[in-house]
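S.K.: let's see this in three dimensions:
(one chain, ligands or ions: 1)
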Amino acid sequence: MKIVVIGGNGLVGRQIVALLNERGHEAVAASRATGVDIVSGTGLDAALAGADVVVDASNSAAPYGEPSYDFFSQGARHLLAAEARAGVRHHVAISVVGTDRLRNSPYFRGKGAAEDMIRASGIPYTILHATQFYEFLLAIVEAGGVSGQALRLSPAYIQPVASTDVAEAMVQIALDPPRNTTLEMAGPERERMSDIVKRFLNDLESPVDVLIDEHAPYFGAVLEEHSLVPCDAAHRCPVGFATWLQGSEYAKANW
Ligand SMILES: NC(=O)c1ccc[n+]([C@@H]2O[C@H](COP(=O)([O-])OP(=O)(O)OC[C@H]3O[C@@H](n4cnc5c(N)ncnc54)[C@H](OP(=O)(O)O)[C@@H]3O)[C@@H](O)[C@H]2O)c1
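M.R.: I've put the predicted structure just below:
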């Protein structure tokens, strides 16, 4: 079975490609690095020739503002059209828990528009909504914009997950028949964003102070307490924050 992974050299995409190839499938990474650009459509027809399944694990290089909306909406339009031409039998996409609750954010509005296009495409599909990856905590710090020694963060709850667990789930989904629905997954622990980031920064011996601010935007959206938490039926993955941190590059760094 030929499986094309769009964004196959990204954080979760490269793990999906590696796992599929280890298990004897023909997994091919496609992204701008291999001459495939989903925003312009360049290279898609050649990359999808003979593909049975497409996994979309791409992400916008610009995480804020209208460019992120354009990335997801234009990317999905070109990708789904190319899949229809190639006769792809299963479109697998990763998205984010809470996407439908964060329409004030161009990033999440773009992800929502892409999901709507997937559902309307006529191509059998499975969408996986995952919570934030542990690796993403640093992106939350960067996105928060440190001013002096202070970082203002929302106290909304998050339930982050290991990207290794998400990659495993995406592989299983890609190998299973399409479900034509959206599944959710999360890590084992729910904590306030401000608290977990504070703990992470302490572990990194960072001098930055986390200030709680209910109005601090998260990728353009102001969060309600439960905007980012998964539904009750979400699959709970085993790897918690402490276990992830111990095995991460941060634990090995000599600060
Ligand atoms: N990070 C998280 O915490 C998290 C949590 C839940 C869900 N997700 C979702 O998971 C997906 C992947 O996230 P990630 O953090 O693994 O992404 P990432 O590490 O930022 O990787 C992004 C990938 O997209 C590719 N890409 C960017 N622009 C492209 C374009 N125009 N055409 C084709 N490929 C393009 C990049 O490769 P090139 O640079 O070579 O093009 C790269 O392979 C995203 O949809 C994200 O919303 C992420």
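S.K.: all strands for the stretch 51-200 of the chain, in order.
M.R.: 53-56, 90-96, 125-130, 150-153, 157-158, 182-186, 191-192 (DSSP state E, counting those that start in this stretch).
S.K.: could you dump those to JSON lines with mean neighbour count, mean pLDDT and distance to the ligand?
M.R.: C-beta: built from backbone N, CA, C; applies to glycine. Listed next are the strands of the stretch 51-200 of the chain as JSON lines, based on neighbours: other CB atoms under 10 Å; pLDDT from 0 to 100; distance: least, CB to the nearest ligand atom, whole Å:
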{"stretch": "strand 53-56", "mean neighbour count": "27", "mean pLDDT": "98", "distance to the ligand": "7"}
{"stretch": "strand 90-96", "mean neighbour count": "23", "mean pLDDT": "98", "distance to the ligand": "4"}
{"stretch": "strand 125-130", "mean neighbour count": "23", "mean pLDDT": "98", "distance to the ligand": "4"}
{"stretch": "strand 150-153", "mean neighbour count": "20", "mean pLDDT": "93", "distance to the ligand": "16"}
{"stretch": "strand 157-158", "mean neighbour count": "24", "mean pLDDT": "98", "distance to the ligand": "10"}
{"stretch": "strand 182-186", "mean neighbour count": "20", "mean pLDDT": "98", "distance to the ligand": "9"}
{"stretch": "strand 191-192", "mean neighbour count": "16", "mean pLDDT": "96", "distance to the ligand": "15"}
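S.K.: shouldn't S227 be in contact with R101?
M.R.: Yes: assessed by CB atoms under 8 Å, S227 is found in contact with R101 at 5.0 Å.
S.K.: quick one: closest of the strands of the stretch 51-200 of the chain to P63.
M.R.: Closest to P63 of the strands of the stretch 51-200 of the chain, according to CB to CB: strand 90-96, at 11.6 Å.
S.K.: note down every partner strand of that closest one and its orientation.
M.R.: Using DSSP bridges, strand 90-96 pairs in its sheet with strand 53-56 (parallel), strand 125-130 (parallel).
S.K.: may I have stretch 218-225 exported as PDB, CA atoms only?
M.R.: Provided in PDB are the C-alpha atoms of stretch 218-225 (Å, rounded to 0.1, in the frame of the first residue of the first chain):
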ATOM      1  CA  TYR A 218      -3.700  31.900  22.200                       C
ATOM      2  CA  PHE A 219      -2.900  32.000  18.500                       C
ATOM      3  CA  GLY A 220      -5.400  34.900  18.100                       C
ATOM      4  CA  ALA A 221      -8.200  33.400  20.200                       C
ATOM      5  CA  VAL A 222      -9.100  34.200  23.800                       C
ATOM      6  CA  LEU A 223      -9.700  30.800  25.500                       C
ATOM      7  CA  GLU A 224     -12.500  29.700  27.700                       C
ATOM      8  CA  GLU A 225     -11.500  27.400  30.500                       C
END
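S.K.: does the ligand have contacts with it?
M.R.: No: judged by CB under 6 Å from any ligand atom, stretch 218-225 and the ligand are separated, with a smallest distance of 10.0 Å.
S.K.: before we move on, the earlier item: TSV for the strands of the stretch 51-200 of the chain, including distance to E142?
M.R.: Below are these laid out as TSV (distance: least, CB to CB, whole Å):
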stretch	distance to E142
strand 53-56	24
strand 90-96	17
strand 125-130	20
strand 150-153	10
strand 157-158	16
strand 182-186	22
strand 191-192	19
